[in-house]
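Participant: 3D model of this:
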Amino acid sequence: MNKQVPRKVIYDTDPGVDDAMALYFAMAHPGIELVGITTTFGNVSVEQAATNALYLTAIANQKIPVTKGVKSPWVKPGEPPPDFIHGADGLGNLPSRVTTNNAVDPRPSAQLIVDMARAQPGEITLVAVGPLGNLALALKLEPELPKLLREVIIMGGTVNEPGNVSPVAEANIWNDPHAADLVFTAGWKLTMVGLDVTHGVVTHLELFKKIADHHKHVATDVLHHAVAFYSNFYSGLHPHLAAKPGCFAHDLLAFIYLTNPELFKLETGGVRVVTEGIAQGQTMLNRRGYINYPQPGWGNDLPATDVCMQVDAPGCLALFEKTLLSDWLKKN
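Facilitator: Coordinates of the predicted model:
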């Protein structure tokens, strides 16, 4: 890892096992400075998401502002959290939790995003790995937000890869498609890290055991436990994961793109989100921007999104392992 000025990041998240994986990568990587964690509904309720964010940071001895954000979609009815994937508590049903005493920041998540962007214009990257209601609300509060943030990286959506909540939709976008369409058309520097690449990177359970055995720390023990639960779900769906337990590292790849974009190949074009009907949540990439489509919504004024379409999986896994095995955890 080269010496570098750390990138200031607000992490918008719904932890969630892969969210926890991504959080600890971000904490461990010297090129990232987490300045805020904004939580949303998704893998769990927003209350549980905030509880988990506070817990994961506290046991890793890090003090980062944590806020609660939107608790339901903008328009569509809310969905029950997928406790069969992440556990009822979002972290694989931890048998117990050590006592911690950090507390949530009283500001709503959207307000924290706006406050930090105004205070440090052009400096903050926002990495969003859940439904996008907090970003949409922040845009309503501050229409100039696309000019104030350095960039936005989203884990969500899919172009070629089949969806995970319908044949065409990825869960984060499907959970709040109206918010997502607003975010994709807002005009910031935007990158989509979706299932086209995340389904190509498997983190195996044995790696998390190696990390836990190396550190002998409550934080990596919690992560190992959570990933074991998560891997068990994926093993029931995919024969290659049943043979060697592991899971897709969805949210992690948003941060790996931030630190090592050379590991990805992109396509660039306007992206819109289907908000109603059987294709609800589908992310549509315009690959032919030179065509003047008669269908409204695809005009020349549609902002471009960089969409990750290919990934160097071995490179991502080597980076994750090296980063998590580094000396990043402070002992109590």
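
Participant: every contact and neighbour count from this point should use C-alpha atoms.
Facilitator: Noted.

Participant: alpha carbons of the longest strand along the chain, in PDB - could you do that?
Facilitator: Assignment by DSSP state E gives strand 264-273 as the longest strand of the chain. The C-alpha coordinates for strand 264-273 follow below in PDB (Å, rounded to 0.1, in the frame of the first residue of the first chain):
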ATOM      1  CA  PHE A 264     -12.300  -3.000 -12.300                       C
ATOM      2  CA  LYS A 265     -13.400  -2.400 -15.900                       C
ATOM      3  CA  LEU A 266     -16.100   0.100 -16.500                       C
ATOM      4  CA  GLU A 267     -18.800   1.100 -18.900                       C
ATOM      5  CA  THR A 268     -20.100   4.600 -18.800                       C
ATOM      6  CA  GLY A 269     -23.600   5.800 -19.700                       C
ATOM      7  CA  GLY A 270     -26.800   7.200 -18.200                       C
ATOM      8  CA  VAL A 271     -28.600   4.900 -15.700                       C
ATOM      9  CA  ARG A 272     -32.300   5.000 -14.900                       C
ATOM     10  CA  VAL A 273     -34.200   2.900 -12.400                       C
END
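
Participant: return the distance of the helix or strand bottoming out on mean pLDDT in the chain from the chain's centre.
Facilitator: The helix or strand of the chain with the lowest confidence, counting by mean pLDDT, DSSP states H and E, is helix 239-243 at a mean of 79. Relative to its chain's centre, helix 239-243 lies at 25 Å (C-alpha atoms, centre = their mean, to the nearest Å).

Participant: ok, stretch 227-234 next?
Facilitator: Taking mean C-alpha positions (C-alpha atoms, centre = their mean), stretch 227-234 and its chain are 18 Å apart.

Participant: now that stretch: average pLDDT?
Facilitator: Stretch 227-234 carries an average pLDDT of 90.

Participant: what does it rub up against?
Facilitator: Contact with stretch 227-234 is made by 17-18, 84-87, 92, 205, 208, 241-242, 245-247, as judged by C-alpha atoms under 8 Å, 6 or more residues apart in numbering.

Participant: distance check, the residue nearest to Ala138 when sequence neighbours are not counted against Arg272.
Facilitator: Leaving aside its chain neighbours, Ala138 sits nearest to Ala110 (4.5 Å; criterion: C-alpha to C-alpha, 6 or more residues apart in numbering). Here the criterion is C-alpha to C-alpha, to the nearest Å. By it, Ala110 lies 22 Å from Arg272.

Participant: go on, Glu206?
Facilitator: Taken as C-alpha to C-alpha, the span from Glu206 to Arg272 is 39 Å.

Participant: what residue is smack in the middle of this structure?
Facilitator: In the chain, the residue lying closest to the centroid (C-alpha atoms, centre = their mean) is Val129, at 2.0 Å.

Participant: would you list every one of the helices in this protein?
Facilitator: 17-28, 46-59, 83-86, 109-119, 133-141, 145-148, 171-175, 177-184, 195-198, 205-215, 218-235, 239-243, 252-259, 313-324 (DSSP state H).

Participant: the third one packs against which elements?
Facilitator: In this case it means helix 83-86. helix 218-235 (3 or more C-alpha pairs under 8 Å, 6 or more residues apart in numbering; DSSP states H and E).

Participant: quick one: low-confidence residue ranges for the chain.
Facilitator: 1-3, 331-332 (pLDDT under 70).

Participant: just the terminal-to-terminal distance for stretch 159-170.
Facilitator: 10 Å.

Participant: buried residues, it. List them.
Facilitator: Buried positions in stretch 159-170, judged by neighbour count with 16 or more other C-alpha atoms under 10 Å: Val159, Glu161, Gly163, Val168, Ala169, Glu170.

Participant: gap between the longest strand of the chain and the chain center?
Facilitator: 17 Å.

Participant: Provide the strand pairings for that strand, with the direction of each partner.
Facilitator: Using DSSP bridges, the strands paired with strand 264-273 are strand 283-285 (antiparallel), strand 304-311 (antiparallel).

Participant: adding mean neighbour count and distance to Glu144, write those out as JSON lines.
Facilitator: Converted to JSON lines, these look like this (neighbours: other C-alpha atoms under 10 Å; distance: least, C-alpha to C-alpha, whole Å):
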{"stretch": "strand 283-285", "mean neighbour count": "23", "distance to Glu144": "24"}
{"stretch": "strand 304-311", "mean neighbour count": "22", "distance to Glu144": "17"}
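
Participant: re earlier: so how far is Gln295 from the residue nearest to Ala138?
Facilitator: 33 Å.
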